[in-house]
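Visitor: need a structure here:
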Amino acid sequence: APIIAAGTGTSTPGGVTPDGILKIVGDDFITIDGLAFRDTSLNTTATTQAEWGIALLKRSAADGCKRIVIRNCSVVLNRANTGSGGIRAGNGSVGIVATNLLINSTTAPAVTLASGTHDSIRITNNVITNCYQPIHWFGPELSAGFYFRKDMHDTITNNRLTNFGGSTVETNGIQMLNTDRYVITDNFISNKANSGVDHTATSGTFYGIRIGFGTSNTLTSNSIANQTQASGIISRNVITWNHVPASSTSVLHGGIAVYAGGIQSDITIENNRIVDCNFGSNSLGTFYGVYLPAWHRNAIVRRNSVRNIAFNGNKGFYGFAHAAYGRYRDFTEDTVFNITNIGAAGSTAYGIFHNNTSTVPPLYDSVALMNGNLIGKIVFSPTSPVGYNTFGLFGQYQNFVNVAMNNNTVQELRGNDFPYGIYAQNGNIMELKGNVVDSITTNSSYGTPQVWGIFNSSSDSAIMQDNRVTRLYANGSSTSQMYGLLT
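Guide: Have a look, this model is predicted:
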């Protein structure tokens, strides 16, 4: 492929004029195909190294980029360029950036016209490696209390993103902020592949894919509010990485996090794999395989897999988590398997977690489904497990009208104080049918540990039939209690 090499840079991340190999400024109908973008070994300092491989910028508040295709390209920068560039420019060296910035300015325009957005951008079949952050997207910002316009109809598909991060500054594989109707599919995202190193960040987040802002990340200091009404599709991505913080600290990391939503937004997350992730003894905080803390009208999370995740520390684990309200929730045929924590301190673990405690009356005939999932081999073996529980499936369904938790398999949960195969609470009509719960164990010797097969509480109408609970074990205390089914 023809090589386009970076010149000698004159700026650093977050500067007024970040160094970019190619900058597209408010242009339309451009295809970039089969080119190689390279920083050079002659650029050895944060000033001389390139901040951006390819950058999409605004010509004005009314002139963004439209119908740009970036395909079959490779971008290789310098992962050692780790300076904090802020939420608009991205941290360190960024492979591809699309942002709400004017050229040679750190000031973001207030976009009130559709012409000022980046629309219908397609990033496909590229290889991005040795960049501190592979893809960073930041759309138009909050203005006059709401979003006039957002970047829309943008696609990131079939890219290979490797050997990124590796320092203490926050990074994510694909980060999209203030966008709507996005599609992210078929990407391979790994900080380990292609001679990558462990990520060592001590603050912020580290996700394979992150949509919107979180409540615990180093980028919210810009006082930029989270977007609303963001819909998208995230499917068939593979995410794998290592995170070994340089010091003991509480951080959020995981596979996919969607912080942006809204009462009219829909999110579909299907057939993704979050696999083979490892953490060192300093890795505290929380891991989420798939995390949806925002309100969505419809949230469909199907046939995803979270497998082979290893911890060594006081760390919470959620295979799949949704902690908000909406009309329709569907967790179907998802898998959480082979999750281990050998740390000394206790931690709480959830295979699938859906917790809505909102007292807002239901706006719809709301439905929550958790059907046909496999939760297996979650083994937490702390020496101080008191007060920490393990749940295969956890559902707290305040103000959900119809709830079904059917045909799930939960097997081999081990460790912590109170393990539950299935925990279900609230919901006007609760269905628990055809579930199999097998081999649930507590090794706790503290107090009166309990082992629960299926626990159902506070439903107005509960239907429980054809469930099977076998092999409950309490090995740590003579005062342990075991319950097969309780309602």
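Visitor: gap between stretch 94-108 and the chain center?
Guide: Taking Cα atoms, centre = their mean, to the nearest Å, one finds stretch 94-108 lying 24 Å from the centre of the chain it belongs to.
Visitor: shift numbering so it begins at 43
Guide: OK, 43 is where the count begins now, so the last one is stretch 136-150.
Visitor: that stretch: end-to-end distance?
Guide: From its first residue to its last, stretch 136-150 covers 19 Å (Cα to Cα, to the nearest Å).
Visitor: would you mark the buried spots in that stretch?
Guide: Within stretch 136-150, the residues that count as buried by 16 or more other Cβ atoms under 10 Å are Val136, Gly137, Ile138, Val139, Ala140, Thr141, Asn142, Leu143, Leu144, Ala150. Heads up, the C-betas are built off the backbone N, CA and C, glycines and all.
Visitor: go through those residues and say which is closest to Asp75.
Guide: The closest of the buried residues of stretch 136-150 to Asp75 turns out to be Ile138 (Cβ to Cβ; 14.3 Å).
Visitor: residues contacting the closest one?
Guide: By Cβ atoms under 8 Å, 6 or more residues apart in numbering, the residues touching Ile138 are Trp94, Gly95, Ile96, Ala97, Ile112, Val117, Ile165, Asn168, Ile170, Pro176, Ile177, His178.
Visitor: that older thread, kindly reformat the buried residues of stretch 136-150 as a markdown table containing secondary structure, pLDDT and distance to Leu64.
Guide: Formatted as a markdown table, the buried residues of stretch 136-150 follow (DSSP: H, G, I helix; E, B strand; the rest coil; pLDDT from 0 to 100; distance: Cβ to Cβ, whole Å):
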| residue | secondary structure | pLDDT | distance to Leu64 |
| --- | --- | --- | --- |
| Val136 | strand | 96 | 13 |
| Gly137 | strand | 97 | 11 |
| Ile138 | strand | 97 | 10 |
| Val139 | strand | 96 | 11 |
| Ala140 | strand | 95 | 13 |
| Thr141 | strand | 92 | 14 |
| Asn142 | strand | 90 | 19 |
| Leu143 | strand | 90 | 15 |
| Leu144 | strand | 91 | 17 |
| Ala150 | coil | 84 | 21 |
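Visitor: circling back to that earlier point, out of the contacts of Ile138, which is nearest to Gly355?
Guide: Nearest member of those to Gly355, counting by Cβ to Cβ, is Pro176, at 26.9 Å.
Visitor: what helices or strands is the helix or strand hosting the closest one leaning on?
Guide: Per DSSP states H and E, Pro176 falls inside strand 175-180. In this structure, strand 175-180 makes packing contacts with helix 128-131, strand 136-144, strand 216-219, judged by 3 or more Cβ pairs under 8 Å, 6 or more residues apart in numbering; DSSP states H and E.
Visitor: quick check: angle from the second one to strand 175-180?
Guide: Interaxial angle of strand 136-144 relative to strand 175-180 (axes from the mean of the first three to the mean of the last three Cα atoms, to 10 degrees): 20 degrees.
Visitor: tell me what the helix or strand just after strand 136-144 is packed against?
Guide: Next along the chain after strand 136-144, taking DSSP H and E as the criterion, comes strand 164-166. Counting contacts by 3+ Cβ pairs under 8 Å, 6+ apart, strand 164-166 packs against strand 108-113, strand 197-199.
Visitor: let's see that with 10 Å instead.
Guide: strand 108-113, strand 136-144, strand 197-199, strand 224-227 (3 or more Cβ pairs under 10 Å, 6 or more residues apart in numbering; DSSP states H and E).
Visitor: any chance of the buried residues of stretch 136-150 in CSV, plus distance to Val493?
Guide: Conversion of those to CSV gives the following (distance: Cβ to Cβ, whole Å):
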residue, distance to Val493
Val136, 49
Gly137, 49
Ile138, 50
Val139, 51
Ala140, 51
Thr141, 52
Asn142, 53
Leu143, 56
Leu144, 61
Ala150, 54
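Visitor: nothing else from me, thank you.
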